[in-house]
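Peer 1: Got a predicted structure here, sequence first:
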Amino acid sequence: MFHRILVANRGEIALRVIRACRDLGVEVAVVYSEADRDAPYLKLADQAVCIGPAIATESYLKPQRLIAAAEGVNADAIHPGYGFLSENSSFAQMCRDCNIEFIGPPAEAMHRLGNKNQAKQLAKEANVPTVPGSDGLITSDEQALRFAREVGYPVLIKAAAGGGGRGMRVARSDDALVTGLSSARSEAEAAFKDGSVYLEKYLDRPRHIEVQLLGDQHGNVIHLYERDCSLQRRHQKLVEESPAPNLPEAVRQNICAAAVRLAKAAGYYSAGTCEFLVSQDNQFYFIEVNARIQVEHPVTELVTGVDLIREQIRVAAGETLRFRQADVQHRGAAIEVRINAENPDKDFQPSPGVITTWRPPGGPGVRLDSHVVTGYRVPPNYDSMVAKLLVYQPTRAEAFAVMRRALREFMVEGIHTTIPLHCRIFNTPAFINGRVDTTFIERELLKPEGK
């Protein structure tokens, strides 16, 4: 096991990793930017190291500063959390070249799966269904138009190195396709320094189902069942739950098995998530692998009893998985909502500022993952999530009741949050009955008045 781990992240996930290290008896250091200098969780680490100004490109996204911080505190491993450099294969290799273990998958597997075009080809080789798409990258408008006319509109433009919905456009005509290609390439170049794109057939109103994976460095890979992440806004997840409602058991088993096949084909270990779109007739198609711990990993922890961060650390230290596939049992229903510092009534305008009141919910079946306290200043520089509210109950109906109660209890003043939107979501009949898709929020809950 490691002697000391450096947490190369901030906010909720930094606190989560600090706690896991404490549970394992591992010393822990954490980095911070000038914007996070007063973050309460810094006091829970053994050491805290300032790595630069508020702007992420000069702090949390600066590999050399993270390596220097790790060397300065004599850390033998770095946990990247999610976001920032967590899926950067070059950073993973840089850590290992400096004799600092990167708590994540091997750089080669990250590279193969990080490029969506390569990942799709690997999925085909592993007999994992993929959405009909272009044969490689799109290099000209003419090539794109030929593909679209062959498969039929609408088509989806996707950045090969993309994530979080960036570099993604839906085109429903020739003109929209040409315009979308240009804007998607520009956005992808700015976000990922890679403007390459490819095309896929656009599935109408699919569900977004992802499978939690866990593998070790000895060739063992298992799944920890699925999560439904269909409730999204502009490809950003708002609600996640497990089990996926109304998913036939045969489809559930097949989609989990497909995820394991792909991970093994990629030589993957550590925690990771294989994501799929599921059509209205329950056909599933691979879309991407997130080669890191996910924001919504606590959903899986609640229904399986497996602490994913602890296991991720153990795997990075070279330990063999402590359980086989048959040992992992799914029990009950868990749901997570993301509480963001945003104003849903003003097109989700960011709402940074000082939280003057922070009264979190509690009681049986409630879990809150957050780094926030009363008086905390939400900085404008980073992702707007301030908390993850989770509930766990024997049944989905009971989980919904507890979530409604928890949302009513949750009081946040001084900033706007997405709590009011979640209150609406959990009283929407279609969602209660599990009849939602990736366009549901914008189509049904955010539609203009009178339409």
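Peer 2: All right, it came through fine.

Peer 1: Tell me the first helix or strand C-terminal of the lowest-mean-pLDDT helix or strand in the chain.
Peer 2: Lowest on mean pLDDT, DSSP states H and E among the helices and strands of the chain sits helix 116-125, with a mean of 89. With elements assigned by DSSP states H and E, the helix or strand that comes after helix 116-125 is helix 141-151.

Peer 1: Next SSE downstream of that following helix?
Peer 2: Remark: after helix 141-151, the chain's next helix or strand is strand 155-159, criterion DSSP H and E.

Peer 1: got the angle for that next one vs helix 116-125?
Peer 2: The directions of strand 155-159 and helix 116-125 differ by 110 degrees, with axes from the mean of the first three to the mean of the last three C-alpha atoms, to 10 degrees as the criterion.

Peer 1: and strand 155-159, how far from the chain's centre?
Peer 2: Using C-alpha atoms, centre = their mean, to the nearest Å, the mean C-alpha position of strand 155-159 is found 20 Å from that of the whole chain.

Peer 1: That strand: partners in the sheet, and parallel or antiparallel?
Peer 2: The pairing partners recorded for strand 155-159 under DSSP bridges are strand 168-171 (antiparallel), strand 197-201 (antiparallel).

Peer 1: Residue 415 and residue 351 touch, don't they?
Peer 2: Yes - here residue 415 reaches residue 351: they are 4.5 Å apart, a contact under C-beta atoms under 8 Å. Every residue, glycine included, has its C-beta placed from N, CA and C.

Peer 1: any common contacting residues for these two?
Peer 2: Listed as contacting both residue 415 and residue 351 by C-beta atoms under 8 Å, 6 or more residues apart in numbering are 341, 378.

Peer 1: Show me which residues of stretch 384-402 are buried.
Peer 2: Across stretch 384-402, burial judged by 16 or more other C-beta atoms under 10 Å covers 384-393, 396, 399-400, 402.

Peer 1: picking that back up, how about the least confident helix or strand of the chain as PDB, C-alpha atoms only?
Peer 2: Listed in PDB are the C-alpha atoms of helix 116-125, where the atom choice follows Å, rounded to 0.1, in the frame of the first residue of the first chain:
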ATOM      1  CA  LYS A 116     -13.600   8.000 -29.500                       C
ATOM      2  CA  ASN A 117     -12.900   6.900 -33.000                       C
ATOM      3  CA  GLN A 118     -10.200   4.400 -31.800                       C
ATOM      4  CA  ALA A 119     -12.500   3.300 -29.000                       C
ATOM      5  CA  LYS A 120     -15.300   2.600 -31.400                       C
ATOM      6  CA  GLN A 121     -13.100   0.400 -33.500                       C
ATOM      7  CA  LEU A 122     -11.900  -1.500 -30.500                       C
ATOM      8  CA  ALA A 123     -15.600  -2.000 -29.500                       C
ATOM      9  CA  LYS A 124     -16.300  -3.500 -32.900                       C
ATOM     10  CA  GLU A 125     -13.400  -5.900 -32.400                       C
END
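
Peer 1: helices or strands up against that helix?
Peer 2: helix 107-114, strand 197-201, helix 249-265, strand 284-290 (3 or more C-beta pairs under 8 Å, 6 or more residues apart in numbering; DSSP states H and E).

Peer 1: Out of these, which is closest to residue 13?
Peer 2: Between residue 13 and the helices and strands packed on helix 116-125, the shortest separation by C-beta to C-beta is 13.6 Å, and it involves strand 284-290.

Peer 1: Next, the angle helix 116-125 makes with the closest one.
Peer 2: Using the same axes, to 10 degrees, strand 284-290 lies at 130 degrees relative to helix 116-125.

Peer 1: The helix or strand following strand 284-290 - contacts with which helices or strands?
Peer 2: If you walk from strand 284-290 toward the C-terminus, the next helix or strand you reach (DSSP H and E) is helix 297-304. Contact analysis of helix 297-304 by 3+ C-beta pairs under 8 Å, 6+ apart lists strand 221-233, strand 236-242, helix 308-316, strand 333-340, strand 366-369, strand 385-393 as its packing neighbours.

Peer 1: Need the pLDDT of residue 450.
Peer 2: Listed pLDDT for residue 450 reads 44.

Peer 1: Next: residue 264.
Peer 2: In this prediction, residue 264 carries a pLDDT score of 97.

Peer 1: list the contacts for it?
Peer 2: Counting by C-beta under 8 Å, 6+ apart, residue 264 has contacts 126, 215, 219, 221.

Peer 1: what is the second one paired to in the beta sheet?
Peer 2: On the basis of DSSP bridges, residue 215 is bridged to residue 221, residue 270.

Peer 1: so residue 172 touches residue 152, yeah?
Peer 2: No - the pair formed by residue 172 and residue 152 falls short of the contact definition of C-beta under 8 Å, at 10.4 Å.

Peer 1: Which one of these two is surrounded by more residues?
Peer 2: Each of residue 172 and residue 152 has its neighbours counted (other C-beta atoms under 10 Å); residue 172 has more, 13 against 10.

Peer 1: ok, that one - contacts?
Peer 2: Applying C-beta under 8 Å, 6+ apart, we find residue 172 in contact with 153, 154.

Peer 1: What of residue 174?
Peer 2: With C-beta under 8 Å, 6+ apart, residue 174 has these contacts: 145, 148.

Peer 1: quick one, phi psi at it?
Peer 2: For residue 174, the backbone dihedrals (degrees, to the nearest 10) come out as phi -60, psi -50.
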